[in-house]
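Trainee: How does the following fold in three dimensions:
(4 chains)
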Number of protein chains: 2
Amino acid sequence: MAKGDERTARGTVRTITDLARIAGVSPGTVSRALAGKSLVNTKTREKIEAIAREHGFRPNQMASGLRRQKTGVIGVVIPMGHDSRQQISDGFFMTLLGFLADELTQEGYDLMLRRVVPGDDADWLDRFIGSGMIDGVIVIGQSDQFALIEDVADGYLPMVVWGNHKEGQRHCVVGTDNRLGGRMAVERLIAAGARRLAFLGDTGPMEFAARFAGACDAAARLGVEIIALPTHLSPDRASEEIAGHLAATQGQVDGIFAATDTLAALCLTALRERDLAVPETVRLVGFDDLPIARQTAPPLTTIRQDIAAGARGMVHLLLRRLAGEETESLVLPPQLVIRQSA
Amino acid sequence: MAKGDERTARGTVRTITDLARIAGVSPGTVSRALAGKSLVNTKTREKIEAIAREHGFRPNQMASGLRRQKTGVIGVVIPMGHDSRQQISDGFFMTLLGFLADELTQEGYDLMLRRVVPGDDADWLDRFIGSGMIDGVIVIGQSDQFALIEDVADGYLPMVVWGNHKEGQRHCVVGTDNRLGGRMAVERLIAAGARRLAFLGDTGPMEFAARFAGACDAAARLGVEIIALPTHLSPDRASEEIAGHLAATQGQVDGIFAATDTLAALCLTALRERDLAVPETVRLVGFDDLPIARQTAPPLTTIRQDIAAGARGMVHLLLRRLAGEETESLVLPPQLVIRQSA
DNA sequence: AATGTTAATGCAAACGATTGCAACAGGAAA
DNA sequence: TTTCCTGTTGCAATCGTTTGCATTAACATT
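Mentor: Next up, the predicted model:
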């Protein structure tokens, strides 16, 4: 019997109407019972719930979404404007995504993930929003799409963006104070004895540009020079580029601020290959405090972003925006984590 | 005028019916035109397309999904049975997820991500499948849910699982030959001169159990001993546990096979703290060949899983299953990558 | 007994796109 | 001129749930 029951249980009762027929009530009543509304008689509700449980019934979310005009899904989109390939596997984005998944789940939302290349599809954001599949959207990284995001923000409230905050911007952004972080990194390098500094990274994306700007602030204030060593973020190209930079600046640099821990780790490998001692000959500071920062040799001194707090902040701001509220941006303080590389 | 146009363009035409009214045709015709069906007159189609473009119209995917009984969304679910916290940020899962996102996008599907804790919700898989939101599901890791997955597979075709293949199983799985990989790891350790071996990892999850089994195979065949050092995967606990193991086995182990590169990297740090030279005193082999494997000091010798090929395989198998085909599992060959740790 | 009140349920119209079938126009064939 | 295509289009039902409104029954009030 258990066997037979299970057989019939699978998919016999697919719709709320099937269930209503069995329970001897109307579909409307079933809907109300399952939604936990107070209007249904307790006995009726219990009966309906029992049948639902027995047959493993689940209401169709598409139909429900269509009728209620909300889906219970939040879109998470990663635009890859600068380094189109495989930025998605970057440790930072992935860590953030993991926390976002946790937070959204906890709030009862599902997460729809989309990775887009704005160059191929200028319409990426409107398309996602207009699809009707999502109640709100989280954009991970402004990439080179700042203007487009501003445009969309004017007409669409439930959007929160991870990225850099710029005075007077109109979209709601959550992110670390990159400029301050950059200052802290350079101050640390100098405190550790460095005098000829370099910034390793791509200054295209706003966040990195801000880190570099902060680095320049501090360098200028303390009267030391700093040069930019443009480097792509994708690990394959980055390695060669770093090697090239080290060869070109041979001995002229004694402190490096890497835009990312990932880059810093690659840099560390490259320094080792050239037998440059860290931190004795060259000091190195990263950014992010990814798990990898603890595991390099020597462990990385870095500027920590509180990714968990960032994810939590984004989700909570988004919830308030879903409720119709206009919210301010959230700028998180960076934190210097001193290990051994500087 | 551009300004005014843009204003009206935003959301004036939300439904296919609005668009039909403007174009002076029926909603059905608009639907057919936008779907690219051959039945509509070329001129009519062009007119409709023009209006759609002008007003930035996008059909509602919920409504379309409801009617067509398909959503264009693939569910990706990560069950966290063993180590409930933060397995999602593990490098391996994230890399796989990135490739999956790419492949699915390319095939025109969206990706809905869900992280579940089977302990809290025994019904996790049926709930996801029954939600009506997804056309098919990809399960990343069998965790401790093998039996449940087998059950579901009997009644639900469009599911593909990443994990370990077991003789005679009924669900379609894609994964590396973990047992063979385990053998290769131990063979390498022995070839590098190790004689007292240890396996570092949690043998609960099937994949790791298989790696350990393979390691035992090889050890037995070559006549060396191997002990298991049970270790959780979450980085916080793992570090202490590894330190404990090293203290306990002081000097009795000269070759370690870590279940994961992540663990191997942590192990490397612990070894360095105890001044145990790698590979001279202790040889170390990891598993996965994550980006981090290149960046440790010394770089890790490891067993490579072809994650990109795995993702591609999963998506293509799933597409065939969506078309109604029963597909076989796919077992990928592991590959020994020799670097400097063994 | 007539009326008012409340609680519980049913009815039917939405939500927005798709699609089988019918209808229509224009032209070709007889 | 009539008949028959063929190519386009409109009509209306449908997907499964939700929800405003009407209806009913039961019970309290005068």
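
Trainee: For the stretch 101-250 of chain A, which segments count as helices?
Mentor: A:124-130, A:146-155, A:178-191, A:206-222, A:235-248 (DSSP state H, counting those that start in this stretch).

Trainee: in the second one, what's buried?
Mentor: In other words, helix A:146-155. The neighbour-count check on helix A:146-155 (16 or more other C-beta atoms under 10 Å in any protein chain shown) flags A:146, A:148, A:149, A:151, A:152, A:153 as buried. The C-beta positions use only the backbone N, C-alpha and C, and glycine is treated the same way.

Trainee: How about residues contacting it?
Mentor: Contacts made with helix A:146-155 from outside it, assessed by C-beta atoms under 8 Å, 6 or more residues apart in numbering or on different chains, are listed as A:118, A:122, A:125-126, A:129, A:139, A:142, A:159, A:161, A:166, A:169-172, A:206, B:10-11.

Trainee: what bits of the stretch 151-300 of chain A have low per-residue confidence?
Mentor: Residues of the stretch 151-300 of chain A meeting the criterion pLDDT under 70: none.

Trainee: mind redoing it with 90?
Mentor: Low-confidence segments of the stretch 151-300 of chain A (pLDDT under 90): A:204-206, A:232-239, A:250-251, A:273, A:290-292, A:294-297.

Trainee: before we move on, the earlier item: most neighbours per residue, which of the helices of the stretch 101-250 of chain A?
Mentor: Ranked by mean neighbour count, the helices of the stretch 101-250 of chain A are led by helix A:178-191 with a mean of 24 (mean count of other C-beta atoms under 10 Å in any protein chain shown).

Trainee: how near is residue A:100 to residue A:262?
Mentor: Distance, residue A:100 to residue A:262, by C-beta to C-beta, to the nearest Å: 19 Å.

Trainee: which among the buried residues of helix A:146-155 gets closest to DNA strand C?
Mentor: The closest of those to DNA strand C turns out to be residue A:152 (C-beta to the nearest atom of the strand; 19.6 Å).

Trainee: Quickly list the domain ranges of chain A.
Mentor: Domain segmentation of chain A under automatic domain parsing yields A:2-59, A:73-177+A:307-333, A:178-304.

Trainee: Pull the distance from the longest one to the chain's centre.
Mentor: Meaning domain A:73-177+A:307-333. 7 Å (C-alpha atoms, centre = their mean, to the nearest Å).

Trainee: same check, this time on stretch A:230-239
Mentor: On C-alpha atoms, centre = their mean, the centre of stretch A:230-239 falls 20 Å from the chain's centre.

Trainee: Quick one: distance of the helix or strand encompassing residue A:20 to the chain centre.
Mentor: According to DSSP states H and E, residue A:20 maps onto helix A:16-23. The chain centroid and the centroid of helix A:16-23 are separated by 43 Å under C-alpha atoms, centre = their mean.

Trainee: With stretch A:214-234 instead?
Mentor: That offset, for stretch A:214-234, works out to 26 Å (C-alpha atoms, centre = their mean).

Trainee: Contacts for it, please.
Mentor: Contacts to stretch A:214-234, defined as C-beta under 8 Å, 6+ apart, come from residues A:82-83, A:85-87, A:90, A:178-187, A:190, A:194-203, A:212, A:238, A:241-242, A:245, A:249, A:253, A:257, A:259-260, A:262-263.

Trainee: Same question for stretch A:61-68.
Mentor: By C-beta under 8 Å, 6+ apart, stretch A:61-68 touches A:71, A:72, B:60, B:62, B:63, B:65, B:66, B:71, B:131, B:132, B:133.

Trainee: What does the fourth one show for phi and psi?
Mentor: Reported as degrees, to the nearest 10, the phi and psi values for residue B:62 are phi -70, psi -50.

Trainee: give me the number of residues near it?
Mentor: 25 (other C-beta atoms under 10 Å in any protein chain shown).

Trainee: Return the distance of it relative to residue A:132.
Mentor: With C-beta to C-beta as the criterion, residue B:62 and residue A:132 are 5 Å apart.

Trainee: Need the residues touching each of the two.
Mentor: residue A:71.

Trainee: Does residue A:28 lie in a helix or a strand, and which?
Mentor: Using DSSP H and E, residue A:28 falls within helix A:27-34.

Trainee: Please find the angle between the direction vectors of that helix and helix A:16-23.
Mentor: 90 degrees (axes from the mean of the first three to the mean of the last three C-alpha atoms, to 10 degrees).

Trainee: in what helix or strand does residue A:93 lie?
Mentor: Residue A:93 is part of helix A:91-106, with elements assigned from DSSP H and E.

Trainee: Tell me where chain A has strands.
Mentor: For chain A, applying DSSP state E gives strands covering A:73-79, A:110-116, A:136-140, A:159-162, A:173-176, A:196-201, A:225-230, A:255-258, A:283-288, A:301-304, A:330-332, A:335-337.

Trainee: buried sites along the last one?
Mentor: Which is strand A:335-337. With burial defined by 16+ other C-beta under 10 Å, the residues of strand A:335-337 counted as buried are A:336, A:337.

Trainee: Show me what from the stretch 51-200 of chain A comes close to chain B.
Mentor: A:56, A:58-63, A:65-66, A:71, A:73, A:86, A:88-89, A:91, A:94-95, A:97-98, A:101-102, A:105, A:110-115, A:126-127, A:130-133, A:155 (C-beta under 8 Å from any C-beta of the partner chain).

Trainee: what subset of those is also close to DNA strand C?
Mentor: A:63, A:66, A:132 (C-beta under 7 Å from any atom of the strand).

Trainee: picking that back up, could you see whether chain B lies near the helix holding residue A:28?
Mentor: No. Helix A:27-34 stays clear of chain B (C-beta under 8 Å from any C-beta), getting no nearer than 13.5 Å.

Trainee: Which residues does that helix contact?
Mentor: With C-beta under 8 Å, 6+ apart as the criterion, helix A:27-34 contacts A:16-17, A:19-20, A:23, A:39-40, A:44-45, A:48-49, A:52, A:59.

Trainee: just those: which has the poorest pLDDT?
Mentor: The member of those with the lowest pLDDT is residue A:39, at 80.

Trainee: one step back: tabulate the buried residues of helix A:146-155 (a markdown table), appending distance to residue B:234.
Mentor: Shown next, in a markdown table, are the buried residues of helix A:146-155 (distance: C-beta to C-beta, whole Å):
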| residue | distance to residue B:234 |
| --- | --- |
| A:146 | 37 |
| A:148 | 39 |
| A:149 | 35 |
| A:151 | 42 |
| A:152 | 38 |
| A:153 | 37 |
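
Trainee: If we only consider those residues, which is nearest to chain B?
Mentor: residue A:151 (9.2 Å; C-beta to the nearest C-beta).
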